[in-house]
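>>> Have a look at this prediction, sequence included:
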Amino acid sequence: MNTLRTLRKAEAAFSRGNAALVAGELASAEKAYREVLKLAPDLAEAHANLGQVLDRGGQPQAAEASYRQAIHLAPANPRPHINLGVLLLAQKRHAEAEAAFTAAIGLPPAQPEAWTNLGVLHASLGRLDEAERCHRAALAMAPDYRPARFNLAYVLLRQGRYQEGWPCLEARDWARVLEAHLPMPRWQGEPLAGRRVLIGCEAGHGDMIQFCRYATLLKQAGVAEVTVLCHPGLKRLFGGLASVDRVLGLDEAVPAEAAEVWIPALSLPHCCGTRQVADIPARIPYLTVEAALLTQWQARLDEAVGGEDGAPRVGLVWKGNPRFENDAERSLPGLATLAPLAEVAGVRFVSLQKGGGEDEALKPPPGMALAALGGELGDFADTAALLQGLDLVIAVDTGVAHLAGALGKPCWVMLPAYKTDWRWLEAREDSPWYPGTMRLFRQREMGNWAPVVAQLAKALRAFVMERSGA
């Protein structure tokens, strides 16, 4: 009788824990699962679910212990293997993560989730052929499994295989978030000629800067009116976009009459027929800056750096948005990483850094003449006006790099080896999205920026010598 009563109490606590986990009430879920494990310490499902709670609650070590205990108690259950693999992959423990996903793949029933997560691991490390094989294996098991199709898009787009890549990118979820808040239907592939279209904001500032160029193609296709919905910081800049009739900020209400249909920004290449790299609409520049704003920032720049000697003015950005999933890899540890650039004589550096890292500009590396102007920038229109007064921009993979490219300003971009963004393609030193303006400096070893900065310093010396006519 006592055993039956204990079992019932454990089942009741397990049900409470599951309900709390689904509701996102992590503290209640943890309490319930720990109660279960006092009553039934060998219940593998409780260990596995407690692992999920701890993982979501930012306790990776405790979560790993729970997952491993669940696997020990029930090695034939694939779910704890997959969850453990995801946790290990987030910690870049690649060999262990691969072993966990492989273990799940070997267990019935078919595990498309394990296959596509293994594909993500391979893609993160640049093993694109293996990644594609894994994602296609997942889709062979579950053709409607959206995560696998989205992850396959990353692999295809990184190789410039746009014919299949853009349709696969339609499986992304983030555009759905905006869909619920817009009063007009989403474009479903019907003809757009004569219609009013809203380009919907998605992803980051750089994405919107990169893909706003497609407004011109929409107009060329006969669209009657184009409205762009964007981040508030881009609204003033996008006001000067050719082929755009109206710009709305995300902080504004979108009236139903603004458009008949809307298209997510990253769906525009698919909509507009970019089937291969050669199809990219790459007429640069496609952004402009108001004359009054240019005059204002030119005066501020002259005041900050002087420049009567004609020394080149080089803008620096060393950190991106910390909320970006791969920011720890794409951002530099700090401004000090760029210290070797200060050894290049005859350069006046300008900090474009805002937010994280902005304060570092006040104490630059020894020998670096750096004007800290990033904190004075109000929005991307200000940034664009300041960029126009520079001779070169050196940046990590951020919105400022896209802005420089869209303005036709020479820009050198530092790219991480780990999870290199698909838009920079594979192994190229240039970008077909910004031809003639952008040069890519790729990290060869994960986390090691020293060779990249050394390459930048060498290129900068050549840049200075070329400008001086030496």
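Nice, thanks for sending it over. This one's a predicted model, so the numbers in the text were calculated from it and none came from an experiment.
>>> can we go C-alpha only for contacts and neighbour counts from here?
Fine.
>>> Next secondary structure after the host helix or strand of Ala103?
According to DSSP states H and E, Ala103 maps onto helix 94-105. Scanning forward in sequence from helix 94-105 by DSSP H and E, the next helix or strand is helix 112-124.
>>> what's that following helix in contact with?
Helix 112-124 is contacted from outside by 82, 86, 89, 94, 98, 101-102, 104-105, 128, 130-135, 137-139, 141-142, 145, 147-148, 151, 155, 418-420, using C-alpha atoms under 8 Å, 6 or more residues apart in numbering.
>>> what do you get for stretch 36-45?
Stretch 36-45 is touched from outside by 6-7, 9-11, 13-14, 46-47, 69-71, 73-74, with contacts defined as C-alpha under 8 Å, 6+ apart.
>>> Quick one: buried ones out of those?
Those of those that meet the buried threshold are 9-10, 13-14, 46-47, 69-71, 74, by 16 or more other C-alpha atoms under 10 Å.
>>> Among the residues you listed, which lie within helices?
Judged by DSSP state H, these include 9-10, 13-14, 46-47, 69-71 as members of helices.
>>> Which two of those have the greatest separation?
Lys9 and Ile71 (23.8 Å; C-alpha to C-alpha).
>>> Helices of the stretch 351-470 of the chain, residue ranges please.
With helices called from DSSP state H, counting those that start in this stretch, the stretch 351-470 of the chain shows them at 380-387, 399-407, 450-468.
>>> mind listing what's buried in the longest one?
To tie it back to what came earlier, the one meant is helix 450-468. 452-453, 456-457, 460-461, 464.
>>> Hmm, which of those residues is lowest in pLDDT?
Among the buried residues of helix 450-468, Val464 carries the weakest pLDDT, at 94.
>>> Please tell me I have it right and it contacts Pro312.
Yes. With contact defined as C-alpha atoms under 8 Å, Val464 reaches Pro312; the gap is 7.1 Å.
>>> Give the residues shared as contacts by the two.
Joint contacts of Val464 and Pro312 (C-alpha under 8 Å, 6+ apart) are 346-347.
>>> ok, now how distant is the residue lying closest to Gly189 once chain neighbours are set aside from Ala215?
Excluding the flanking residues, the one nearest Gly189 by C-alpha to C-alpha, 6 or more residues apart in numbering is Cys271, at 7.3 Å. According to C-alpha to C-alpha, to the nearest Å, Cys271 stands 11 Å off from Ala215.
>>> Which members of the buried ones among the contacts of stretch 36-45 are the farthest-apart pair?
Within these (distances taken as C-alpha to C-alpha), the two that end up farthest apart are Lys9 and Ile71, at 23.8 Å.
>>> Tell me how far Ser331 lies from Trp424.
Taken as C-alpha to C-alpha, the span from Ser331 to Trp424 is 16 Å.
>>> Go ahead and confirm Trp412 touches Arg442.
No. Judged on C-alpha under 8 Å, Trp412 makes no contact with Arg442 at a distance of 10.4 Å.
>>> Of the two, which one has the most company?
Using other C-alpha atoms under 10 Å, the more surrounded residue of Trp412 and Arg442 is Trp412, with 26 against 19.
>>> what separates the more buried one from Pro451, distance-wise?
Applying C-alpha to C-alpha, the value for Trp412 to Pro451 is 15 Å.
>>> and the nearest residue to Gln52 once chain neighbours are set aside, how many neighbours?
Once flanking residues are discounted, Gln52 sits nearest to Ala63: 6.7 Å by C-alpha to C-alpha, 6+ apart. By other C-alpha under 10 Å, the residues close to Ala63 number 25.
>>> Might you list the low-confidence residue ranges for the stretch 151-300 of the chain?
For the stretch 151-300 of the chain, applying pLDDT under 70 flags no range at all.
>>> What ranges does it have for its helices?
So, for the stretch 151-300 of the chain - with DSSP H, counting those that start in this stretch - the helices run 162-169, 174-179, 205-211, 214-220, 232-238, 268-271, 291-305.
>>> Just the buried residues of the fourth one, please?
By neighbour count with 16+ other C-alpha under 10 Å, helix 214-220 contains the buried residues 214-219.
>>> Just the CA coordinates for it, please, in CSV.
Listed next in CSV are the C-alpha coordinates belonging to helix 214-220 (Å, rounded to 0.1, in the frame of the first residue of the first chain):
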residue,chain,number,x,y,z
TYR,A,214,15.0,44.9,-53.5
ALA,A,215,12.5,47.8,-53.3
THR,A,216,13.8,48.9,-56.7
LEU,A,217,13.2,45.4,-58.2
LEU,A,218,9.6,45.4,-56.8
LYS,A,219,9.0,48.7,-58.5
GLN,A,220,10.5,47.4,-61.7
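>>> Many thanks, have a good one.
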